[in-house]
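Undergrad: Predicted model, plus sequence, below.
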Amino acid sequence: MMLLVVNSGSSSVKLALFEAAEQRAEARVEEIAPGGHAAALARGLAQMGVRPDLLGAAAHRVVHGGASLTQTCRITPAVLASIEACADLAPLHNPPALAGIAAVTDLCPDLPQYAAFDTAFHATNPAVATTYALPLADRRRGLRRYGFHGLSYAAVVRRMTDLAGALPRRMLSFHLGNGASACAILDGCSVASSMGFSPLDGLTMGTRAGALDPAVVLDLAARHGVAGAAEILNRGSGLRGLAGTNDMRVLRAAGTAEAAFAIDHFCYWAARHGASLCAAMGGVDAITFTGGIGENDAEVRARIVNSLAFLGAVMDAEANGRGERAVHKATSSVAIWTVPADEERQIALETKAAIARKEAQT
């Protein structure tokens, strides 16, 4: 079966074509016009040389699935309504995902479609980790921690079994890119995440501030209105707010005091949140880095690990500089790994499992 994996952004669409467990082709369409996901999808399929009628199914990355959508599933009207209900919680991600689903529907009306959720991996978090200390009525409305980047973390768990020979029991995993988070993974399951009710919480990110005193949010809303505050928090903060750009490579080349401080801020808060997550596991046996910055920026990895040296993590500077997979010294009591992002394959594997479950029920 030919499976199309769709990762829709507000201004780009990434496509990957899988047959069995093997990726056969990929495409990326940039700078799509608002509402132009259908045209972008057609262009991407043309780039890959794939006729729509040859597809057996499509699978979409959806960032926020709320409390009810906790595993990859076929998209039904009820599932679509739940994704729409979470759109305000992930305004940079869920609306483009909905546009991607609609685009596939327009192009291939009868094609089965599936959704894989970044929140699903964190469904194993205990209640004490997900519950906000709010009145019961507000908690019943779904105000709780969810956690994100779950597809990336699930891929890390899968890849680490091969890379390390066995899955480390207590793993602190960093997903560092324009969006950034950290996750405590115990025996292969998420037990705590730096992100919360939305992808705004936690680490300093490309355009998102990360953890804030709620009074700051109230102040921004009072001064700029709710919509204005949301724009600042989602698109105008983080590295961009500190130094004018969310591109780590540009910051490193800038050589300005503002750029240096922005990098300091990114590394400091990654390490600080990472250290707190270790308490949820009772320690740490391995640290992993994935995502665009996590995989490719040796200096960021080194600075975060050096801040966590008190946990017993000792980095091999030469291996780290070469971008090797294992970047710890033999004397380190904590293994340190760089793990290539593999979200599209994770989506494909989870979708195939969902199809198998459905077939077993019929």
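TA: The structure has been received and is ready for your questions. Numbers count the residues shown, from 1 in each chain.

Undergrad: Give me the contacts around stretch 292-311.
TA: Around stretch 292-311, the neighbours that count as contacts under Cβ atoms under 8 Å, 6 or more residues apart in numbering are 174-178, 180, 248, 252, 263, 266-268, 270-272, 274-275, 278, 283-284, 287, 289, 313, 315, 317, 320-321, 323, 327, 334, 336, 338-341. For the C-beta atoms, the positions are set from N, CA and C on the backbone; glycine is no exception.

Undergrad: what about that stretch, distance to the chain center?
TA: Centroid separation for stretch 292-311 versus its chain: 18 Å, with Cα atoms, centre = their mean, to the nearest Å.

Undergrad: Likewise for stretch 90-102?
TA: Stretch 90-102 sits 15 Å away from the centroid of its parent chain (Cα atoms, centre = their mean).

Undergrad: Let me know the average pLDDT across it.
TA: Mean pLDDT, stretch 90-102: 90.

Undergrad: in what helix or strand does His224 lie?
TA: Secondary structure assignment for His224, by DSSP states H and E: helix 214-235.

Undergrad: Could you pull out the buried residues of that helix?
TA: Going by neighbour count (16 or more other Cβ atoms under 10 Å), the buried part of helix 214-235 is 217, 220-221, 229-230, 232-235.

Undergrad: what's in contact with that helix?
TA: By Cβ under 8 Å, 6+ apart, the surrounding residues in contact with helix 214-235 are 91-92, 200, 207-209, 212, 241.

Undergrad: mind redoing it with 6 Å?
TA: Helix 214-235 is contacted by residues 92, 200, 207 when judged by Cβ atoms under 6 Å, 6 or more residues apart in numbering.

Undergrad: Quick check on Arg145: phi, psi?
TA: Note on Arg145: its backbone torsions stand at phi -80, psi 140 [degrees, to the nearest 10].

Undergrad: Sorry, wrong one. I was asking about Thr105.
TA: Residue torsions, per degrees, to the nearest 10, at Thr105 are phi -60, psi -40.

Undergrad: Model confidence for it, exactly?
TA: 96.

Undergrad: before we move on, what about Pro340?
TA: Per the predicted model, pLDDT is 95 at Pro340.

Undergrad: Name the SS class of the spatially closest residue to it that is not a sequence neighbour, please.
TA: Take Pro340 and drop its neighbours on the chain: the residue closest to it by Cβ to Cβ, 6 or more residues apart in numbering is Glu295, 6.1 Å away. Under DSSP: H, G, I helix; E, B strand; the rest coil, Glu295 falls in the helix class.

Undergrad: ok, Glu295 to Val5 distance?
TA: 20 Å (Cβ to Cβ, to the nearest Å).

Undergrad: Those two: which is more packed in?
TA: Val5 (25 against 17; other Cβ atoms under 10 Å).

Undergrad: I'd assumed Leu349 was in contact with the more buried one.
TA: No. Taking Cβ atoms under 6 Å as the definition, Val5 is not a contact partner of Leu349, at 10.3 Å.

Undergrad: quick revisit: right, and the helix or strand after the helix holding His224?
TA: helix 238-243.

Undergrad: partners of Ala27 in the sheet?
TA: Beta-bridge pairing for Ala27 (DSSP bridges): Leu15.

Undergrad: Select from the contacts of helix 214-235 the one having the most neighbours.
TA: Leu200 (25 neighbours).

Undergrad: Does that residue belong to a helix, a strand or coil?
TA: Three-state assignment for Leu200 (three-state DSSP): coil.

Undergrad: Would you mind listing the residues in contact with it?
TA: 208, 233.

Undergrad: and if you look at the one 3 residues further on?
TA: By Cβ under 6 Å, 6+ apart, the contact set of Leu203 is 180-181, 194, 210, 269-270, 273.

Undergrad: Check Ala211 too.
TA: Here Ala211 is in contact with 201-202 (Cβ under 6 Å, 6+ apart).

Undergrad: sorry, back to before: in JSON lines, list the buried residues of helix 214-235 along with distance to Ala87.
TA: Listed next are the buried residues of helix 214-235 as JSON lines, based on distance: Cβ to Cβ, whole Å:
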{"residue": "Val217", "distance to Ala87": "19"}
{"residue": "Leu220", "distance to Ala87": "21"}
{"residue": "Ala221", "distance to Ala87": "19"}
{"residue": "Ala229", "distance to Ala87": "17"}
{"residue": "Ala230", "distance to Ala87": "12"}
{"residue": "Ile232", "distance to Ala87": "19"}
{"residue": "Leu233", "distance to Ala87": "16"}
{"residue": "Asn234", "distance to Ala87": "13"}
{"residue": "Arg235", "distance to Ala87": "16"}
